[in-house]
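Asker: What follows is a predicted protein model with its sequence.
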Amino acid sequence: MDDRTKKIVSIVLIGVAAICLSLVVFLGVRQWLDDRYCQEALDELRNAAESKKEDSASVIPTAPAPVAAVPPAAATELPSPTATPDITPTPIPTPVPVANPYQDSFLANSDMAAWIQVPGTPIDYPVMWTPRDEEYYLYRDFNGRDNSNGCLILDTDSCLDPLTTNLIIHGHNMKSGAMFGSLKNYENPDYYEDHKNVILYTDGLERNYEVIAVFYSQVYKVSDQVFKFYKFFQADTEEEFDDFYQNIKALSLYDTNVTAEFGDHFLTLSTCAYHVEQGRFVVVAKEVESGDHYLPVKE
């Protein structure tokens, strides 16, 4: 190869390198802009919700009206020895509905099924549900704009009303830590100890969960006769429930000491993992109690 040819080749290689570098910079800037736009839009919704939570917490309950004193019975009005004692059970108080702190978010986009929050972690996002097209928000943000972060997506076979035994939420494993980019931290038992709780704010009530299992899995071939966590939504029998429960406990990276029984409900968080092809990292939580009940979301 003569000097002229070498020079041409060098120029071409430099040009290709410059184009590649420009493309990398362009994609990096675009990703940064996407992240910034998404973050600003979600921060606005988060701030509105936090403000409503603070307002609700500052409301002082009204004291009940005093009960009128009942005059003592006359000495001649002693109850008969054979009288049946009053054993009327004390009524269980009905939860008093409060305003939904995420009302603005529900009104801003009717595709939002809930808002998920894992206290102390970056996971604090709306959860979208589009039965007509499960992947609609795979690469779209809350406002429907193209965005590589996408949104957290409630599996179309999950349902909040009526509530299925298991709700599955899918999310991208973003390097920036967005969406479910921090979920893999649960492989560390110490991280689990500090972040056991998951809160799901639906339009009707607040649902509280506690992590019960953490494991690696994958999306298998249809013909593979193995446990597929992503296929479990409803347990109509105890056998169906136990099959899921025993498998997730057996796969768990560590024992959380949280147990479950037929009739309990689960929340499953799933993101991509790279230990195998089509790998998944999964965190399963069990519903432990309901929080506030909410008034209907209205304009």
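Answerer: It's in.

Asker: can you pull out the helices in the stretch 151-299 of the chain?
Answerer: 189-194, 238-251 (DSSP state H, counting those that start in this stretch).

Asker: Could you point out which residue ranges in the stretch 51-200 of the chain have low pLDDT?
Answerer: Low-confidence segments of the stretch 51-200 of the chain (pLDDT under 70): 56-93.

Asker: from the helices of the stretch 151-299 of the chain, which stretch is densest packed?
Answerer: helix 238-251 (a mean of 16; mean count of other CB atoms under 10 Å). For glycine as for every other residue, the C-beta is placed from the backbone atoms N, C-alpha and C.

Asker: average pLDDT for that helix?
Answerer: Here helix 238-251 scores 98 as its mean pLDDT.

Asker: residues in contact with the most centrally placed residue in the chain?
Answerer: Residue closest to the average C-alpha location in the chain (CA atoms, centre = their mean): I116, at 3.8 Å. By CB atoms under 8 Å, 6 or more residues apart in numbering, the contact set of I116 is I123, D124, Y125, P126, V127, L152, I169, V198, I199, L200, Y201.

Asker: Could you give the bridge partners of it?
Answerer: Beta-bridge pairing of I116 under DSSP bridges involves Y125, L200.

Asker: and the next element down the chain from the helix or strand containing R4?
Answerer: Using DSSP states H and E, R4 sits within helix 3-57. Where DSSP H and E defines the elements, the next helix or strand beyond helix 3-57 is helix 103-108.

Asker: so what does that following helix touch, helix or strand wise?
Answerer: Applying 3 or more CB pairs under 8 Å, 6 or more residues apart in numbering; DSSP states H and E, one finds that helix 103-108 contacts helix 3-57, strand 112-117.

Asker: neighbouring contacts of it?
Answerer: For helix 103-108, contacts defined as CB under 8 Å, 6+ apart pick out 45, 48-49, 52, 100, 112, 115, 126, 142, 203, 297-299.

Asker: which parts of it are buried?
Answerer: Q103, D104, S105, F106, A108 (16 or more other CB atoms under 10 Å).

Asker: Between the residues you listed, which sits nearest Y216?
Answerer: For the buried residues of helix 103-108, the minimum distance to Y216 (CB to CB) is 32.1 Å, reached by S105.

Asker: Pull up the gap between that closest one and D124, please.
Answerer: If you measure S105 against D124 using CB to CB, to the nearest Å, the figure is 12 Å.

Asker: With D264 instead?
Answerer: Distance from D264 to D124, by CB to CB: 25 Å.

Asker: With P95 instead?
Answerer: 25 Å.

Asker: got it, and G15?
Answerer: Counting by CB to CB, the gap between G15 and D124 amounts to 45 Å.

Asker: same thing with L267?
Answerer: 15 Å.

Asker: Who has more neighbours out of those two?
Answerer: L267 (25 against 17; other CB atoms under 10 Å).

Asker: thought the more buried one was touching V198?
Answerer: Yes. L267 lies in contact with V198 (CB atoms under 8 Å); the separation is 6.2 Å.

Asker: Overlap in contacts, those two.
Answerer: Y209, A285.
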